[in-house]
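Student: Give the three-dimensional model of this entry:
(one chain, ligands or ions: 1)
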Amino acid sequence: MSHRVAVVYHSRHGTVRALAALAAEGARQAGAEVRLLRVTDDEPAGHRWPEREAVPEDVLWADGLVLACPTYYGNVSSPFKRFLESTSPLWQRGLLADRVATALTVSTQRHGGREATLTALHHTLYHWGCWVAGSDPADPVTRAAGGTPYGLAADNRQGEPASHERAAARALGHRLATLTARSRARFLVSPAPAALPEHGPHRPAVEGPTDDAAADVPAATGRADAGAPRAALPRDASRPVRLAVVHHGEEAAVRVLAQEIAAAARAVGARVRLRRVPGGSGAASAAWLGPAAAPATVADIAWADAVVFGAPVRLGAPAAPLLDFVQALEPAEGGRGPLWGKAAGGFAVAAARHAGCETALLHLGHMLLHGGAVLVPPGYTDPSVKAAGGNPYGTSHCRCEGSLPTPQTLAAAAHQGRRTALAGDLLRRAPRSSRTVRAGSADAGTGPVRLVIRSRGRSTA
Ligand SMILES: Cc1cc2nc3c(=O)[nH]c(=O)nc-3n(C[C@H](O)[C@H](O)[C@H](O)COP(=O)(O)O)c2cc1C
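Tutor: This is a model prediction of the structure:
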């Protein structure tokens, strides 16, 4: 059974529809089974396009999604937003997570809110727990179509897109379907969450200078691996998945979150490099945190299959040294940089509850899309996310809750570490015929290695 892509569009005058149809064509060329579906316009005199009306169950059916709508006042058009909101009962049951998804929009003014619309569509996808892919920044058709890596942003041409936009739409559908095929090589396999650690002075979850040389040795004293399986990742014949955890900031909260993410990924079988971006004015490190991680290099990102970045929040964005480091990953024009095609995400530490953790993580996400990464946000894919304050964009801690992350936030960080490693492992593999692994089957594991097999709510309807 091939992978399934739903292309859902709203279009009043036909331009979005034309591009959506081309994205569907590109997805089919990449081997996907495709549904092209419309959201009905609310203009009584508007067109009634012939495609079937989308229903929430189409999202359930799909492994991959292209969300396509016009830009209205710098935002998602209201009929399309209504469709997104109609999925709420499925979202509440956690059934929309782990689709690979991308976005497409059209506006009349070149700078009239297209990027705002694309990123607004991403926000919904983060809440669903989907993986967010943009257009390929290394593909010449992306540059020819205006260069946004957030999806496709095209001119309003009354139903007749220009040839460079047609090519970009096809390429977007093709890329989405290719990534989707990888993502569903198997259902995601998540380890059972470890018991919440006790609050108090944090014992480093990853000890000493951490690098891949030590990475095959499970963390001996860490809390993140307590009760977690030792070999939960579906093993590739060649090597385990590699995760780089790159943080800036010496303060305890940042370091502890980075260590927790690293240890949790290591506990499910990933090789991990915990790295630090030096510079700036961070609070001094506490001695009990152990030696500082080695400085991050571009080679660490090139080595990794998945990356989690973290930093303190400064003025609503990640602190400048981390931004500098991510900027340095930008490839030469037309090339693929070290982030390209990899699973990526972030965590943030702010001074106050609403002082920029969300904006910092969204900002980081934009940068990662410029590198061609696939964003793997936590969404609400684990109870720990809501217990930690419910940030679906990445793990976040505010110093108003203490200098150290709460046990709930540590659990959310551990979940993000496992999830990002698992996604990285799937994305690095070539598509292959998949075997459905069902909860409760022998494949689900027995004894001390207990796996939670989470079906993605894939519908056969
Ligand atoms: C209510 C409304 C709001 C709009 N807001 C914007 C806008 O913020 N920026 C812009 O450039 N175009 C704006 N437009 C123009 C639409 O983006 C354009 O008509 C649409 O993308 C065409 O797509 P379609 O051919 O698929 O209907 C707006 C149009 C309407 C009807």
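Student: May I ask you to confirm that L65 belongs to a strand?
Tutor: Yes. Looking at L65 with DSSP: H, G, I helix; E, B strand; the rest coil, it is inside a strand.
Student: what's near enough to touch it?
Tutor: 5-8, 59, 99-102, 125, 130, 176 (C-beta atoms under 8 Å, 6 or more residues apart in numbering). Quick note: C-beta positions are derived from backbone N, CA and C, even for glycine.
Student: interface residues of the protein facing the ligand?
Tutor: Counting by C-beta under 6 Å from any ligand atom, the residues of the chain lying close to the ligand are 11-17, 70-74, 106-109, 112-113, 156, 159.
Student: from the residues you listed, which ones fall inside helices?
Tutor: Among those, the members found in helices (DSSP state H) are 15-17.
Student: Dump the contacts of L65 into a markdown table; add neighbour count as well.
Tutor: Shown next, in a markdown table, are those (neighbours: other C-beta atoms under 10 Å):
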| residue | neighbour count |
| --- | --- |
| V5 | 32 |
| A6 | 25 |
| V7 | 34 |
| V8 | 25 |
| V59 | 27 |
| R99 | 27 |
| V100 | 31 |
| A101 | 29 |
| T102 | 32 |
| L125 | 25 |
| C130 | 27 |
| L176 | 30 |
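Student: mind checking how far the residue of the stretch 151-300 of the chain found nearest the ligand is from T71?
Tutor: The stretch 151-300 of the chain approaches the ligand most closely through N156 (4.1 Å), counting by C-beta to the nearest ligand atom. According to C-beta to C-beta, to the nearest Å, N156 stands 9 Å off from T71.
Student: How about E330?
Tutor: Counting by C-beta to C-beta, the gap from E330 to T71 is 27 Å.
Student: quick one: contacts of stretch 330-342?
Tutor: Residues contacting stretch 330-342 (C-beta under 8 Å, 6+ apart): 137-138, 140, 143, 179, 298, 301-302, 304-307, 329, 368, 370-374, 424, 427-428.
Student: In strands only, show me those residues.
Tutor: Applying DSSP state E to those, the entries found in strands are 306-307, 374.
Student: Tell me who's in contact with the residue of the stretch 101-250 of the chain found nearest the ligand.
Tutor: Here the residue of the stretch 101-250 of the chain nearest the ligand is G112; by C-beta to the nearest ligand atom that distance is 2.4 Å. Neighbour list for G112: 71, 74 [criterion: C-beta under 8 Å, 6+ apart].
Student: what's the answer for the one 5 residues further on, then?
Tutor: Shown here is T117, whose contacts under the criterion C-beta under 8 Å, 6+ apart are 69, 71, 74-76, 103, 105, 107, 153.
Student: hmm, 10 Å instead?
Tutor: Contacts of T117 were listed using C-beta atoms under 10 Å, 6 or more residues apart in numbering, and they are 69-77, 80, 103-107, 150-151, 153.
Student: Need the pLDDT of the closest residue to the ligand within the stretch 201-350 of the chain.
Tutor: Residue of the stretch 201-350 of the chain nearest the ligand, by C-beta to the nearest ligand atom: G316 (23.5 Å). For G316, the pLDDT comes out at 97.
Student: Could you find the closest non-adjacent residue to it?
Tutor: G356 (3.8 Å; C-beta to C-beta, 6 or more residues apart in numbering).
Student: quick one: the one you found and A311 touch, right?
Tutor: No. Counting by C-beta atoms under 10 Å, A311 is not a contact partner of G356; they are 11.2 Å apart.
Student: So for those two, which residues contact both of them?
Tutor: 317-318, 348.
Student: From the ligand, how far out is the residue sitting nearest the centre point of the chain?
Tutor: Nearest to the geometric centre of the chain sits V376, at 1.7 Å (C-alpha atoms, centre = their mean). According to C-beta to the nearest ligand atom, to the nearest Å, V376 and the ligand sit 30 Å apart.
Student: residues touching that residue, list them.
Tutor: Applying C-beta under 10 Å, 6+ apart, the residues near V376 are 98, 100, 126, 129-132, 183, 306, 308, 342-345, 368, 394, 416, 419-424, 426-427.
Student: Please, where are all the strands along the stretch 101-250 of the chain?
Tutor: Remark: strands assigned in the stretch 101-250 of the chain by DSSP state E, counting those that start in this stretch are 131-132, 152-155, 189-191, 242-248.
Student: Among the residues of the chain next to the ligand, name the buried ones.
Tutor: 11-17, 70-72, 106-107, 113, 156 (16 or more other C-beta atoms under 10 Å).
Student: any chance of the residues you listed in TSV, with pLDDT and distance to P291 too?
Tutor: Formatted as TSV, these follow (pLDDT from 0 to 100; distance: C-beta to C-beta, whole Å):
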residue	pLDDT	distance to P291
S11	97	57
R12	96	60
H13	94	61
G14	96	61
T15	97	57
V16	98	54
R17	97	58
P70	98	54
T71	98	50
Y72	98	53
V106	98	53
S107	98	51
G113	98	48
N156	94	57
